[in-house]
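Colleague: Pasting the sequence and the predicted coordinates here, then a few questions.
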Amino acid sequence: MPGRVTINDVARAAGVSKGAASNALNDQPGVSEDTRRRVKAVAAELGWAPNRLARALSGARSDALGWAIVRSAKSATIDPYFTRLFSGIELELEHTELSLVAKLVSDRDAEAELYRRWASERRVGGVLVTDIDVDERRFAQLSELGMPFAAFRSTVASEGAMPAELRVSTLPTGTLVPSVWFRETETVAAILDHAWRNGHRRMAWISGDPSKAAVRLRERAVEVWGREHRSRVATAYTDYGAAAGAAAAVELVRTADPPTFIVFDSDIMALAGLSALSASGRHVPDEVSVASFIDSELCEVALTPITALAHPVLEYGRALTRRLIGVLGGFGADAWLPVPTLVERASVAGAAGE
């Protein structure tokens, strides 16, 4: 039988319900001695082993993990990044007895109310926390509710794990944040070093909402890179929308000292920016080079294919899920996420006139 043998497999083979199998294997009342012996014999034959996580959840909360995703009516679509993250979470849960409860909510207030409801109804055993804010309040709320959680790309870390200059949020003393972290300085360097090697000295980064910790963390990583190279990378903030990204790009190239290299924080903004730059009379890559912080099929099929960072998002989802499972089972440790790989395409060329 492929994968880890679950209690469902044992119950099916023994011809009993999952509840009866659980009672038999855990020496609980509710089944006859004959059934108990039969179930244990089947479990031994199949190679079933007790799940430490299941024991941790037993009698405490539902055997489900919760994930709240904020999407307003204006931006209700789930972008491909979150879709791949979801796939990674589900893949990690495939050989466990845990399920995922994913819920779209309109804002942080609705998310907080959802957590209160989950806690009171014992709907989930733990929570996956993503899209971290600079002024992050969910960690404290979940701790107060007694809800185990793990954070994706948290910007807080134990002393020495993350450079102090990169920390962008603070927490009440004693708040523990089980996390998987992102190597922001190495990731930023992967794309800016490529520009530097191609002779670019005037660069810009079209970023997202500065209230988001990932945006501020990336900005600080860019500043670190700039100091090391004695170069300044201009930052433009947007709402992550295609229109905002395109407008920011056109505005940048119309300045007195325009950048020759522009990084967009997302694939959608990069595609929109590429089109807008071409429409404004700026040829990519001869006059201005373009890159995306996130790679996707959009970058591949663009009229001028876009250089981008390929993030192993499936592994991100799996790593976050493993971290939460570790929290629930009393094992595991925080971990760094793998660094993305730069995919070089036709949108980047040597800097003209540099």
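Modeller: Perfect, thanks for sending it. Numbering: from 1, shown residues only.
Colleague: could you pull out the helices for the stretch 101-250 of the chain?
Modeller: Under the criterion DSSP state H, counting those that start in this stretch, the stretch 101-250 of the chain contains helices at 108-121, 138-145, 184-197, 213-229, 242-253.
Colleague: The fourth one vs helix 184-197, what angle?
Modeller: Here helix 213-229 runs at an angle of 50 degrees relative to helix 184-197 (axes from the mean of the first three to the mean of the last three Cα atoms, to 10 degrees).
Colleague: swap in the second one?
Modeller: Using the same axes, to 10 degrees, the inter-axis angle of helix 138-145 relative to helix 184-197 is 170 degrees.
Colleague: list the helices and strands helix 138-145 packs on?
Modeller: For helix 138-145, the elements it packs on are helix 108-121, strand 126-129, strand 149-152, judged by 3 or more Cβ pairs under 8 Å, 6 or more residues apart in numbering; DSSP states H and E. Backbone N, C-alpha and C define where each C-beta goes, glycine included.
Colleague: Export these as CSV, with columns for distance to Tyr81 and mean neighbour count.
Modeller: Converted to CSV, the helices and strands packed on helix 138-145 look like this (distance: least, Cβ to Cβ, whole Å; neighbours: other Cβ atoms under 10 Å):
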stretch, distance to Tyr81, mean neighbour count
helix 108-121, 19, 15
strand 126-129, 15, 25
strand 149-152, 11, 26
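Colleague: Looking at those, spot the one closest to Met269.
Modeller: Met269 lies closest to strand 149-152 among the helices and strands packed on helix 138-145, at 21.2 Å (Cβ to Cβ).
Colleague: contacts for that closest one?
Modeller: 85, 126-130, 132, 138-139, 142, 177-180, 316, 320, 323-324, 326-327 (Cβ atoms under 8 Å, 6 or more residues apart in numbering).
Colleague: gap between Ala236 and Glu287?
Modeller: 18 Å (Cβ to Cβ, to the nearest Å).
Colleague: can you check Val10 too?
Modeller: Look at Val10 and Glu287: by Cβ to Cβ, they are 66 Å apart.
Colleague: For these two, indicate the residue with more neighbours.
Modeller: Shown here are Val10 and Glu287; by other Cβ atoms under 10 Å, Val10 has more neighbours (23 against 16).
Colleague: contacting residues around that one?
Modeller: By Cβ under 8 Å, 6+ apart, the residues touching Val10 are 21, 25, 39, 42-43, 46, 48.
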